[in-house]
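> sequence and predicted structure below; questions after.
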Amino acid sequence: RNSYKGNFGHVFILAGSRGLTGAAALCSNAALRSGAGLATLGIPVSLNLMMSKKLTEVMTLSLAETKEISLSLKAEREILKKVKASDSVVLGPGISQHPETQKLILRLILKIDKPMVLDADALNAISKNVSLLKKIKSRYVITPHPGEMSRLIKKEIKYVKNHGLIVAKKFSHDYNAVVVLKGAGTVVAEPSGKYYINTTGNPGMATAGSGDVLAGIIASFLSQGLKIFDASVLGVYVHGLAGDLAAKDKGEPGLIAGDILENIPYAIKLLQ
């Protein structure tokens with residue numbers, strides 16, 4: 001009863017670039033809808049005004065940008081400063097595959113000392129030098145879809161889809177990561193060999209931005225103090241349940257990521 005916003009975690013989201021602002025908005029709002037007390041979005045300076053208008057409850061941090069309006073290496077110091085004041089970090093949604101931005105991500109993952117969710121374009125950056133993951137000192141979770149996982153392990157997508165559990169468990173063990181391999185029956189694996197296969201969700205969730213919402217949910221649970229495997233399992237379950245509630249209301253064909261986002265509180269309410 002006497003709690004305040006600082007008691008429920010602060011999520012820092014590094015996301016967005018020109019043409020990919022939706023990913024940043026969905027991830028940021030998902031963090032708050034999942035119970036985090038605070039969320040800050042780090043975004044290229046040219047996009048700050050737009051995102052400030054788009055996001056009411058999420059704070060924004062203007063960061064140095066490239067000519068193509070993606071995050072610049074010059075933003076590194078400011079990002080690390082903000083990380084210190086946060087409880088969990090998301091790297092990747094909509095940050096683009098600009099070479100300088102990708103280089104920034106590879107530098108950050110080795111310096112950030114808070115629980116991390118590595119998603120989307122952060123995974124594309126890592127795929128060029130996967131061995132860097134073995135040097136990460138903080139707890140982290142990766143959230144690849146089969147295409148991203150295929151690039152990480154240098155195998156065809158068909159192989160990943162046909163051997164999802166084996167792939168997730170091996171990668172988790174080899175790189176000391178919690179792996180959330182997305183798909184029908186999302187697999188969550190941790191280095192010890194423990195794993196979870198999700199039972200919630202529906203085909204309507206195969207829509208742009210769905211993964212960005214999931215990254216925000218997991219980061220929110222991390223910021224609230226859950227262990228990384230527990231946060232990932234619960235995040236995947238709640239994400240799927242929110243999608244099921246949305247589908248029950250609107251049907252599957254027209255389901256969009258925003259529908260999943262708006263149903264997160266109702267999904268969590270069902271678990272209380």
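Ah, there it is.

> CA atoms for contacts and neighbours, from now on please.
Noted.

> what's the least confident helix or strand in the chain, going by average pLDDT?
When each helix and strand of the chain is scored by mean pLDDT, DSSP states H and E, helix 48-54 comes last, with a mean of 94.

> what lies in contact with the helix or strand just after it?
Next in sequence after helix 48-54, counting helices and strands by DSSP states H and E, comes strand 59-63. If you take Cα atoms under 8 Å, 6 or more residues apart in numbering as the criterion, strand 59-63 is touched by 39-46, 48, 51-52, 71-72, 75, 78-79.

> repeat that with 7 Å
With Cα atoms under 7 Å, 6 or more residues apart in numbering as the test, strand 59-63 has contacts from 39-45, 48, 52, 71, 75.

> quick one, grab the pLDDT at V89.
Note on V89: pLDDT of 98.

> now the one 10 residues further on
Per-residue pLDDT puts P99 at 97.

> from L71, how far out is it?
Separation of P99 from L71 (Cα to Cα, to the nearest Å) stands at 10 Å.

> would you mark the buried spots in the strand ranked longest in the chain?
In the chain, taking DSSP state E as the definition, the longest strand is strand 38-44. Using 16 or more other Cα atoms under 10 Å as the test for burial, strand 38-44 gives 38-44.

> what's the answer for stretch 258-272, then?
Using 16+ other Cα under 10 Å as the test for burial, stretch 258-272 gives 258-265, 267-268.

> cool, stretch 144-160 as well?
For stretch 144-160, a neighbour-count test (16+ other Cα under 10 Å) marks 144-152, 157, 160 as buried.

> how about stretch 66-78?
Using 16+ other Cα under 10 Å as the test for burial, stretch 66-78 gives 66, 69-73, 75-76.

> residue contacts, the residue positioned nearest the centre of the chain?
Closest to where the C-alpha atoms of the chain average out (Cα atoms, centre = their mean) is A215, at 2.4 Å. Counting by Cα under 7 Å, 6+ apart, A215 touches 27, 117, 119.
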